[in-house]
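Peer 1: Just need the structure, nothing else, for what follows:
(one chain, ligands or ions: 1)
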Amino acid sequence: MQAQDAINAGPADPKVAAALRQIDAKQIQASIDKLVSFQNRSTLSAQDAASVSAGHGIGAAREWIKSEFAKDSQACGGCLEVKTDTFTEGPVDRIPQPTEITNVYAVLKGTDPESTKRIVLVTGHYDSRNSDNLNVTDAAPGANDDGSGTAVSLECARVLSQLKFPATIVFLTVAGEEQGFNGSRHFAQMAKAQGWDIEAVLNDDIVGGDRSAQQDPSVIRVFSEGVPVAASDTDLRLIRNLGGESDSASRQLARYVAQVSRTYDAGVKPALTFRLDRYLRGGDHLSFNQQGFAAVRFTEYREDYHHQHQNVRTEDGIEYGDLPKFVNFEYVAAVARLNAATLASLASAPAPPGKVHLLTKELQNDSTLTWEAVPGAASYEALWRSTTSPEWEHTQSAGNATRLTLPMSKDNVIFAVRSVAKDGQRSLPVVPVPER
Ligand SMILES: [Zn+2]
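Peer 2: This next block holds a predicted model:
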């Protein structure tokens, strides 16, 4: 048995630790400055060839992101597949004319034939806005919202593409977020329709660590849904009966991020925030949640609303606008390190155990868990916590068995099971369904 503080995602891998040290605040600053240089990255802004070559508008941003991924791929002997997902949206609310929207992504294919189908994904949105969501002419720098998240995706691609992982990592940047999550919705629907096995989505949106006096740069919030937005009526009945409202797949992912932060010191600590998102706000992780994928949102501890969705101006001595000078690039680098460490840990780990069940045939004070073996797992372990605890508190190895009986009542704790690789990397945990 282990104490909660000792429960991590497995031992640190020296190669991953070395890659994390390469994450560079100066590189992130250069990415954000470049994105801001396109002046206005509204999804409705220019994307014709002349504007692209003049370096104005969302089309220029899109081409630049492609070229960055292509550069990373060249540096690793073509290890990245650089792709786009383009579609036309509108007229709909906040998109008055039919508008082409393009998501840009790079795929680092997993090297293990059994695990390459498993996908972990990091995303940020490269579109921006100012005070008027339909304004495509005035500056909309979007340095923090969401140049910072875009830079995290790019920086994760740059350093992780130098390594190889059993499972696949996708580095995504989407457009259309400010119009209504159009880019991420299209991408998540495509992934669902094509049967992609996405285990985890990390959405970074407003991770710039705005330099306001009340900011806490030691903390990054990690938002996760409780009752899944994609839950069926049967799911909801189980959640109600068993107290499962804090055990969605997204919440397990959030807890995993906390475990990763105990394996690797990223320079910033996750503050698990048990709600889908902030008041009055939404984000691209919702698009993935709606398709049933585990997805969480990273956002700085304290936001400064003068620096979001505002025309650049000074009024009554207050500076408005989402400018690079308000961004703490060291903070973004730390957030990128936590993201990269999570991607690397999950992509190194085996698949989660299959068909995890808790036997409930008769009333008894012991608890028996069963599951199906998965490729790449050398052993399995049970996790449990008190029903009132936010994080997993104890573990018990089951060796390579697929069944474990624990001398405690299932009524008093919440259980899960996770897979453990030969080198100790841990999978996401799976909460059992009752079997009668
Ligand atoms: Zn945003």
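Peer 1: Hmm, Ser386 and Asn412 touching each other?
Peer 2: Yes. Contact criterion CB atoms under 8 Å: Asn412 and Ser386 qualify, at 7.5 Å. (C-beta placed from N, C-alpha, C; glycine too.)
Peer 1: Quick one: end-to-end distance for stretch 310-330.
Peer 2: 24 Å (CA to CA, to the nearest Å).
Peer 1: Pull the number of nearby residues for Thr88.
Peer 2: Neighbour count for Thr88, taken as other CB atoms under 10 Å: 10.
Peer 1: Off-centre distance for the helix or strand hosting it?
Peer 2: According to DSSP states H and E, Thr88 maps onto strand 80-89. The chain centroid and the centroid of strand 80-89 are separated by 19 Å under CA atoms, centre = their mean, to the nearest Å.
Peer 1: Begin at 43, not 1, for the rest of this chat.
Peer 2: Will do, 43 is the new start, and the previous item becomes strand 122-131.
Peer 1: Can you tell me what sits against the helix or strand following it?
Peer 2: Using DSSP H and E, the helix or strand that directly follows strand 122-131 along the chain is strand 141-150. Contact partners of strand 141-150, identified using CB atoms under 8 Å, 6 or more residues apart in numbering, comprise 85-86, 89, 104, 107-108, 111, 114-115, 121-132, 168, 199, 202-203, 207, 210-218, 224-226, 228-229.
Peer 1: and if you look at stretch 77-85?
Peer 2: 97-100, 102-103, 106, 137, 141, 143, 168-172, 175-185, 189, 192-193, 217-218, 220-221, 224-225, 365-366.
Peer 1: quick one: the helices in the chain?
Peer 2: Counting by DSSP state H, residue ranges of the helices within the chain are 56-63, 67-79, 91-96, 100-117, 191-202, 219-222, 224-235, 275-284, 291-305, 327-332, 371-390.
Peer 1: what's the angle between the fourth one and strand 122-131?
Peer 2: Which is helix 100-117. 160 degrees (axes from the mean of the first three to the mean of the last three CA atoms, to 10 degrees).
Peer 1: Give me the angle between helix 100-117 and strand 141-150.
Peer 2: Going by the same axes, to 10 degrees, helix 100-117 makes 10 degrees with strand 141-150.
Peer 1: same deal with the longest one?
Peer 2: Put simply, helix 371-390 runs at 60 degrees to strand 141-150, going by the same axes, to 10 degrees.
Peer 1: Please work out the average pLDDT along helix 371-390.
Peer 2: Mean pLDDT, computed over helix 371-390, is 98.
Peer 1: for that helix, the distance to its chain's centre please.
Peer 2: That offset, for helix 371-390, works out to 10 Å (CA atoms, centre = their mean).
Peer 1: Stretch 340-358 vs the ion: in contact?
Peer 2: No. Stretch 340-358 stays clear of the ion (CB under 5 Å from the ion), getting no nearer than 8.0 Å.
Peer 1: In contact with the single nearest residue of the stretch 243-392 of the chain relative to the ion: list those residues for me.
Peer 2: Residue nearest to the ion within the stretch 243-392 of the chain: Asp247 (4.2 Å; CB to the ion). Applying CB under 8 Å, 6+ apart to Asp247 gives the contacts 166-167, 187-188, 191, 219, 325-326, 339-341.
Peer 1: hmm, 6 Å instead?
Peer 2: Asp247 makes contact with 188, 191, 325 under the criterion CB atoms under 6 Å, 6 or more residues apart in numbering.
Peer 1: Relative to Glu219, how far out is Gly286?
Peer 2: 30 Å (CB to CB, to the nearest Å).
Peer 1: These two - which one has more neighbours?
Peer 2: Glu219 (28 against 20).
Peer 1: Please tell me I have it right and the more buried one contacts Gly166.
Peer 2: No. The pair Glu219 / Gly166 is not scored as a contact, 8.9 Å apart, by CB atoms under 6 Å.
Peer 1: re earlier: just the buried subset of the contacts of stretch 77-85, please.
Peer 2: 98-100, 102-103, 106, 137, 141, 143, 168-172, 175, 177-178, 181-185, 189, 192-193, 217-218, 220-221, 224-225, 365-366 (16 or more other CB atoms under 10 Å).
Peer 1: low pLDDT regions in the protein?
Peer 2: Across the chain, the ranges flagged by pLDDT under 70 are 43-47.
Peer 1: interface residues of it facing the ion?
Peer 2: So far as CB under 5 Å from the ion goes, the chain lies against the ion at 187-188, 247.
Peer 1: change it to 8 Å
Peer 2: Within reach of the ion by CB under 8 Å from the ion, the chain has these residues: 167, 187-188, 191, 219-220, 247-248, 325, 350.
Peer 1: What about the residues you listed, which are in strands?
Peer 2: His167 (DSSP state E).
Peer 1: list the contacts for the residue lying closest to Ala296 once chain neighbours are set aside?
Peer 2: Nearest non-adjacent residue to Ala296, counting by CB to CB, 6 or more residues apart in numbering: Ser266, 3.9 Å away. Listed by CB under 6 Å, 6+ apart, the contact set of Ser266 reads 292-293, 296, 338.
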